[in-house]
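Enquirer: below are the sequence and a predicted model; questions follow.
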Amino acid sequence: MSFFLPVTRNRVSSFITLLPFFLVLIVSTSASAQQRVSRQFPAGKNVRLELKNLSGTITVESWARDEIKITATMEAPAVHFNPRQTDLGLIIDIVADNRDRRDVGDVNFKVQVPIRSSLDLETRSGQITVSNVQGELLRAHVSTSGDITLSGISAARVFASNTTGNIYFDGDFASGGTYEFKSGRGTITLRLPANCGFHLVATAPAAEKIKMGEFWHSGLKKMGEGRRIIGDVGDGRASVTIMNYQGDIHFLRR
Amino acid sequence: MNCEKYQDLLSDFIDGSLASQDHHSIEAHLSACGVCAEVRGDLDAIVTYCHEHRGEYDAVPNERALWLRISNLIEAGDLELATDLRTEIPQNAGWWFRLMNRSWQMSLPQLAASMIAVAIIVSVATMIGLRRFGSGGESAGLRSSGVTTVAANGLPLAERYRQQQQTIDYWNQRVELNKARWNPQMRETFERNLNVIDAAVNDSLSHLNQNPHDEVSEEVLNAALNDKVELLREFAEL
């Protein structure tokens, strides 16, 4: 038994025949709406990159060239994108470049930098991912929602903060370095080598939300009903401050 | 010829360089005029003295060196004066008394440099003060992440909270004005993240109601309120 009348059946079969064509048309239209811009800039070994995005992902990885390569995929084709090269490095400010514009949409960045680069990355919403960078400074700030993933990091100063989203750090703490992690809602995870030494001030909404794992020892002090843990781990030479309003804080040994 | 004219010619008369007619004319006047005769006497005495002590007042070989010596002597005199003033300060006098009794002498460039230095110090101190006032005890990294505070350290919690709340109210009004222009996605993002921060504020206040001296809750409250200000400020510009 057929559910359709003969005329209707013909129309359905025609629609099914044309469906792949429509799908291809839709996908190609969507792809053509996006604009991809790629630029390369000469850079020294200790270059600094400042990137301020409105919305969208920022992915940074190191490579073995003394150059910075920026690939920006823009949702709205007319987004202004004007990187400025200075003596210190490269500045990309999507916020300033599009100040009078509305509905700029997502701009997704993929950036390749020399391994010793310092990075100052900021977006209103969207993920920030940084891998294998060993510069002096690494700052990643998401003012609303977005995960921050920092892996293979060796920097003297690391600051990571968001309101909603997880923060993951996998790297080393330099002696005398400063490391700060702050989240409103999300899990902050630090994966560290066993011999890592740091002075810790970790604050979470409840005692059970701070999980020190194998880094726990009796010399660590608990305050405020266990909502804060203070003390030295190892030589205590690096300074680590963590604050999480609602989420967990996890320490993992590498 | 009057007395003034005669007195003008007196110097030449004494030197003997006048014509004989003029010479006799002046002689006749001097014998009759007591005033001019007295002037002639004074002038004569000066000229005679100079003739007698000729060579004793030769010009100094290095006039500039002389003036430098004079200048040094004057300065030395000033120092002695200052030393004398200092010695007048009692031994047991306080630092304020000593400061106020000190003699201050500065040249114009020194005075200008001092004024510039004072202006720079005041500017730097003001900037540091404002920054501290704005930081509210936040650490450097969180400041660099754009987090700014509105409360000064050392204020009572209630007062600090009231100040922060005023700032929040201000930015909230700005946000409300712009909210109508936002797209639904932006509105949802804003509301969701504001709720996260508000929850942290309420949790901290709840802890503080139970234990007003809870240091941890106080810090979390301060940080959360600052985050709220920052979020509102960011969205107020959209």
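Expert: Right, received. Where do you want to start? Numbering: from 1, shown residues only, chains lettered A, B, ... in the order given.

Enquirer: how about the nearest residue to residue A:214 once chain neighbours are set aside, what does it touch?
Expert: Of all residues not flanking residue A:214 in the chain, residue A:253 sits nearest, at 4.5 Å (Cβ to Cβ, 6 or more residues apart in numbering or on different chains). (C-beta placed from N, C-alpha, C; glycine too.) Residues near residue A:253 by Cβ atoms under 8 Å, 6 or more residues apart in numbering or on different chains: A:191-194, A:213-215.

Enquirer: please flag which of those residues sit within strands.
Expert: Among the contacts of residue A:253, the members found in strands (DSSP state E) are A:191-192.

Enquirer: now do the strands in the stretch 1-150 of chain A.
Expert: A:35-42, A:48-55, A:58-63, A:67-74, A:84-85, A:89-93, A:107-114, A:118-125, A:128-131, A:137-142, A:148-164 (DSSP state E, counting those that start in this stretch).

Enquirer: any chance of a markdown table for the ones you listed, columns mean pLDDT?
Expert: Below are the strands of the stretch 1-150 of chain A laid out as a markdown table (pLDDT from 0 to 100):
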| stretch | mean pLDDT |
| --- | --- |
| strand A:35-42 | 92 |
| strand A:48-55 | 95 |
| strand A:58-63 | 97 |
| strand A:67-74 | 94 |
| strand A:84-85 | 92 |
| strand A:89-93 | 95 |
| strand A:107-114 | 96 |
| strand A:118-125 | 96 |
| strand A:128-131 | 98 |
| strand A:137-142 | 98 |
| strand A:148-164 | 97 |
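
Enquirer: got the angle for the host helix or strand of residue A:184 vs strand A:148-164?
Expert: Take DSSP states H and E as the rule and residue A:184 turns out to sit in strand A:167-185. Using axes from the mean of the first three to the mean of the last three Cα atoms, to 10 degrees, the inter-axis angle of strand A:167-185 relative to strand A:148-164 is 0 degrees.

Enquirer: assign the residue of chain B found nearest chain A to helix, strand or coil.
Expert: Taking Cβ to the nearest Cβ, chain A has its nearest neighbour within chain B at residue B:216, 3.1 Å off. With DSSP: H, G, I helix; E, B strand; the rest coil as the basis, residue B:216 sits in helix.

Enquirer: next, the contact list for residue A:220, please.
Expert: Neighbours of residue A:220 in contact, by Cβ under 8 Å, 6+ apart: A:200, A:212, A:229-231, A:233.

Enquirer: need these in JSON lines (columns: neighbour count).
Expert: Formatted as JSON lines, the contacts of residue A:220 follow (neighbours: other Cβ atoms under 10 Å in any protein chain shown):
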{"residue": "A:200", "neighbour count": "25"}
{"residue": "A:212", "neighbour count": "16"}
{"residue": "A:229", "neighbour count": "23"}
{"residue": "A:230", "neighbour count": "13"}
{"residue": "A:231", "neighbour count": "18"}
{"residue": "A:233", "neighbour count": "21"}
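
Enquirer: among those residues, which pair sits farthest apart?
Expert: Using Cβ to Cβ, the two most remote members of these are A:212 and A:230, lying 11.8 Å apart.

Enquirer: which SSE is residue A:232 in?
Expert: strand A:228-233.

Enquirer: from the contact counts, what lies against the helix or strand just after that strand?
Expert: Counting by DSSP H and E, the next helix or strand C-terminal to strand A:228-233 is strand A:238-244. Here strand A:238-244 touches strand A:167-185, strand A:188-192, strand A:198-203, going by 3 or more Cβ pairs under 8 Å, 6 or more residues apart in numbering or on different chains; DSSP states H and E.

Enquirer: circling back: most neighbours among the contacts of residue A:253, which one?
Expert: Highest neighbour count within those: residue A:192, with 23 neighbours (other Cβ atoms under 10 Å in any protein chain shown).

Enquirer: number of nearby residues for the closest residue to it other than its chain neighbours?
Expert: Closest residue in space to residue A:192, ignoring its immediate chain neighbours: residue A:254 at 6.2 Å, by Cβ to Cβ, 6+ apart. Residues within reach of residue A:254, counting by other Cβ under 10 Å, total 11.

Enquirer: residues touching residue A:254, list them.
Expert: A:170, A:191-194 are the contacts of residue A:254 under Cβ under 8 Å, 6+ apart.

Enquirer: could I get the strands of the stretch 1-150 of chain A as TSV with mean neighbour count?
Expert: Putting the strands of the stretch 1-150 of chain A into TSV (neighbours: other Cβ under 10 Å) gives the following:
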stretch	mean neighbour count
strand A:35-42	12
strand A:48-55	21
strand A:58-63	20
strand A:67-74	19
strand A:84-85	12
strand A:89-93	20
strand A:107-114	22
strand A:118-125	24
strand A:128-131	22
strand A:137-142	24
strand A:148-164	23
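
Enquirer: right, I'll leave it there.
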